[in-house]
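**Student:** The following block contains a protein sequence and its predicted model.
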Amino acid sequence: MANTIEVKVPDIGGHDNVPVIEVLVKAGDRVEKEQSLITLESDKATMEVPSSAAGVVKDLKLKVGDEVSEGAVILTLEAEGTAPSSPGGNGAGGEGRGEGAPRQPGNEAHAPSTTPGSPARSPQSSPRGGEEAKTASPSGRQPDIECKLVVLGSGPGGYTAAFRAADLGLDTVLVERYATLGGVCLNVGCIPSKALLHAAAVIDEAEAMAAHGVSFGKPNIELDKLRHFKEQVVGKLTGGLAGMAKQRKVRTVQGTGRFVAPHELEVETAEGTKLIRFEQAIIAAGSQAVRLPMFPWDDERVMDSTGALELKDIPKKLLVVGGGIIGLEMATVYAGLGSEVTVVEFMDQLIPGADADLVKPLAKRLAARLKGVHLKTKVVEAKATKKGIEVRYEGESIPDTTVFDRVLVAVGRSPNGSKIGADKAGVAVTERGFITVDTQMRTNVAHIFAIGDLVGQPMLAHKATHEARVAAEAAAGMKSHFDARVIPSVAYTDPEIAWVGVTEREAKEKGLKIGVGKFPWAASGRAIGIDRTEGFTKLLFDEETHRVVGAGIVGPHAGDLISELALAIEMGAEAADIALTIHPHPTLSESVAMAAEVYEGTITDLYIPKKK
């Protein structure tokens, strides 16, 4: 039964007359308990005020610029269920991230009717949307393993969830299909690719130094040693995970897991089938490479990213299908090792998610190092012959090479949500294999959580690890929520491309009023010293508040530099905050401050005439 209440500002640390800098909801919105309503900014911190109840917003009482103190009415709410607890008991910012915790826009629309953090519903309760949950009956079999929490998948999200849950006192079992922990990322993804990218970068740098009087000669590549280096890198990390699992008393089971009931997971292991009975579960089953049907996948010369990282040989001619991050990273590796690489991309730009100006320096460098980069082009047929993989194209830029020693297909990844028997546990899975979750990473079945690639884009390891902490803490009864404002993306190509927050293209499409500050690395002493002046740093600011809302960097170490901008956006930093922060000189990092100075019109390292 609905009941109209006033939601008020709780105790905000004794502060009075604190300005409202952001209103996060509007009349008619449905909100969940603990969902952020407004953002306040005191002289010490930025804080978000959560709702004390779930319901529908009837009337907003505040606007941006108003000043509030404890007890001020934020809005009236048509609350659901029983009378809510006192708003003063919530605490500004909630308990997930603490004071100043930002939000993840859009997640609220997918929240289930159950309040996040409330006692778990029975496994047979209805999922969101009112659909009847179809669950299997318990197997009636004697379980081989019983635990408080099972985590399916041990990638960066999975092992983080398991370790955090164990630290919070939950008896945890971790299921992994690979022989070592770490999932795709550590075993056949992020980590081995970075080891090989390092080797390619050293080769390129050594070659470039010849123009400056330092010659090393043509590299002699011993593939066995290079593979051993890559495997050593992987081994150190996966071995470390095994040690930490043991220290935390996390039991590990190697095999492929599938749900057979709401509280049961069956794992196919080398020793046979094992049944795990659990009280709660976290699904971290990740994704797999998309396999286009026109390629002969039974021929080992056709590779996905996993096959490419095996580095079985250095093909004379390599075709990379897909000009996204993974495809270009592997193109960089193989070109550095000596392959003649051709890239075809269906879209009109490489790395379509990034701004075109960020991609331009990379495209120019690749044009000089690869056989060819062909946009608006696709492979429509591929067949295995004795000479190689023969392909046929369609599009605006047809390559002159049609037969390749190897072909790498890197056109994206698809989630594994439909491959784990989730329906047997009553978990709703979309047609594309994604699992919908709320801000606590809880699925429509209250005792089962999901994180990582299979809960939606972006499919990034660092997103998964943060979601993992939230899920583990929620499973332990904490009021944790995933509420990140932004998630950075990085292409570890040469040069690297990194971006975070609003892109310039997105701002134009949405009609956002932004200002841009761009600092070219041609004016950076550090960039000139390492002969890499093709890059730049770009910051995007809200024209009304002067707060940084987005950033993009292209150049060496862009992936390391972007973190400062992610933090700046999370903290609500203004252009002056960045410009007045003293950065060390000469470094690439000072380009961040100088980009802010360009926006402010205070830059001295460039001459930019003032507009009349």
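**Tutor:** Happy to help now that I have it. Because the structure is a prediction, the values reported are computed rather than measured.
**Student:** Spell out for me which residue occupies the centre of this protein.
**Tutor:** Nearest residue to the geometric centre of the chain (CA atoms, centre = their mean): residue 460, 3.1 Å.
**Student:** any idea how far that residue lies from residue 327?
**Tutor:** Applying CB to CB, to the nearest Å, the value for residue 460 to residue 327 is 16 Å. Backbone N, C-alpha and C define where each C-beta goes, glycine included.
**Student:** right, and the residue nearest to the centre of the chain touches residue 491 too?
**Tutor:** No: the criterion here is CB atoms under 8 Å, and residue 460 misses it with residue 491 at 11.7 Å.
**Student:** Longest helix in the protein, please.
**Tutor:** Criterion DSSP state H: the longest helix present in the chain is helix 223-247.
**Student:** Can you point out the buried residues in that one?
**Tutor:** Within helix 223-247, the residues that qualify as buried are 226-227, 230, 233-234, 237-238, 241-242, 245, counting by 16 or more other CB atoms under 10 Å.
**Student:** Show me the helices in the stretch 101-250 of the chain, by range?
**Tutor:** 156-167, 183-188, 190-208, 223-247 (DSSP state H, counting those that start in this stretch).
**Student:** If you average pLDDT over each of these, which is lowest?
**Tutor:** When those are ranked by mean pLDDT, helix 183-188 comes last with a mean of 88.
**Student:** which other helices and strands contact that helix?
**Tutor:** Using 3 or more CB pairs under 8 Å, 6 or more residues apart in numbering; DSSP states H and E, the elements in contact with helix 183-188 are helix 156-167, helix 223-247, helix 305-309.
**Student:** can you give me the mean pLDDT across the last one?
**Tutor:** By that I understand helix 305-309. Per-residue pLDDT values over helix 305-309 give a mean of 94.
**Student:** Extract the CA atoms of that helix and return them as CSV.
**Tutor:** Provided in CSV are the C-alpha atoms of helix 305-309 (Å, rounded to 0.1, in the frame of the first residue of the first chain):
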residue,chain,number,x,y,z
SER,A,305,42.6,-13.9,-29.6
THR,A,306,43.4,-17.0,-27.5
GLY,A,307,44.9,-18.7,-30.5
ALA,A,308,46.9,-15.6,-31.5
LEU,A,309,48.4,-15.4,-28.0
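**Student:** Show me how far it is from its chain's centre.
**Tutor:** Its chain's average C-alpha position is 21 Å from that of helix 305-309, according to CA atoms, centre = their mean, to the nearest Å.
**Student:** Note down every partner strand of the helix or strand following that helix and its orientation.
**Tutor:** Next in sequence after helix 305-309, counting helices and strands by DSSP states H and E, comes strand 317-321. Sheet pairing of strand 317-321 (DSSP bridges) gives strand 340-345 (parallel), strand 406-409 (parallel).
**Student:** Quick one: residues in contact with strand 317-321.
**Tutor:** 292, 327-328, 330-331, 334, 339-344, 371, 379, 388-389, 391, 399, 401, 403-411 (CB atoms under 8 Å, 6 or more residues apart in numbering).
**Student:** how about the nearest residue to residue 476 once chain neighbours are set aside, what does it touch?
**Tutor:** The shortest distance from residue 476 to any residue other than its chain neighbours is 4.1 Å, reached at residue 168 (CB to CB, 6 or more residues apart in numbering). Contacts here follow CB under 8 Å, 6+ apart; on that basis residue 168 touches 472-473, 476, 478.
**Student:** Now, the residues you listed that are in helices?
**Tutor:** Among these, the residues falling in helices (DSSP H) are 472-473.
**Student:** picking that back up, show me which of the contacts of strand 317-321 are buried.
**Tutor:** Among the contacts of strand 317-321, those buried by neighbour count (16+ other CB under 10 Å) are 327-328, 330-331, 334, 339-344, 371, 379, 388-389, 391, 399, 404-411.
**Student:** quick one: the strands in the stretch 251-400 of the chain?
**Tutor:** For the stretch 251-400 of the chain, the strands defined by DSSP state E, counting those that start in this stretch cover 251-254, 256-261, 264-269, 272-283, 287-289, 302-303, 317-321, 340-345, 372-375, 377-384, 389-395.
**Student:** Of those strands, flag the one that's most buried.
**Tutor:** Comparing those by mean neighbour count (mean count of other CB atoms under 10 Å), strand 317-321 ranks first with a mean of 25.
**Student:** tell me the average confidence for that one?
**Tutor:** On average, strand 317-321 scores 98.
**Student:** How far away from the center of its chain is that strand?
**Tutor:** 27 Å.
**Student:** Keeping just the C-alphas, turn that strand into PDB.
**Tutor:** C-alpha atoms of strand 317-321 as PDB (Å, rounded to 0.1, in the frame of the first residue of the first chain):
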ATOM      1  CA  LYS A 317      51.000 -12.700 -44.100                       C
ATOM      2  CA  LEU A 318      48.400 -12.100 -41.400                       C
ATOM      3  CA  LEU A 319      44.900 -10.800 -41.800                       C
ATOM      4  CA  VAL A 320      43.200  -9.200 -38.800                       C
ATOM      5  CA  VAL A 321      39.400  -9.000 -39.100                       C
END
